[in-house]
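Asker: Sequence and predicted structure, then a few things I'm wondering about:
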Amino acid sequence: PYFPFFHRVFLVRDSQSNPKTFVLSLSHGLKIKHFQIVPLEEEGKFFYTLDDGHTRFSDLIQLVEFYQLNKGILPCKLKHYCSRIAL
């Protein structure tokens with residue numbers, strides 16, 4: 001069965017394997033894909049990036065807002081933020 005609600009649902013979470021970093025988890029095409037959000041420091045300023053520094057953001061909100069408007073390296077634009085997970 002296909003559940004349209006789960007299409008393009010995303011969340012940003014702490015990385016379990018890499019402390020002090022984050023992961024963008026995205027549901028797309030009935031698959032969950034994970035993208036490492038890498039923190040960068042350059043000239044004393046911190047940035048977040050998904051694409052090796054080509055696109056840089058000063059905070060995670062800015063990153064999410066950009067990818068809601070632009071697909072960039074993702075398979076689709078971000079659409080539905082997952083605010084709750086039922087366990």
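Answerer: Right, received. Where do you want to start? Numbers count the residues shown, from 1 in each chain.
Asker: Got the phi and psi for the spatially closest residue to K71 that is not a sequence neighbour?
Answerer: The shortest distance from K71 to any non-neighbouring residue, by C-beta to C-beta, 6 or more residues apart in numbering, is to K77 (5.2 Å). In this view, the C-beta of every residue, glycine as well, is placed from N, C-alpha and C. Main-chain torsions, K77, degrees, to the nearest 10: phi -70, psi 150.
Asker: dump the residue contacts of K77.
Answerer: R8, Y67, Q68, L69, N70, K71 (C-beta atoms under 8 Å, 6 or more residues apart in numbering).
Asker: one more time with 7 Å, if that's ok
Answerer: Y67, Q68, L69, N70, K71 (C-beta atoms under 7 Å, 6 or more residues apart in numbering).
Asker: Am I right that the second one is in contact with Y81?
Answerer: Okay, so that is Q68. No - counting by C-beta atoms under 7 Å, Q68 sits too far from Y81 to count as a contact (9.0 Å).
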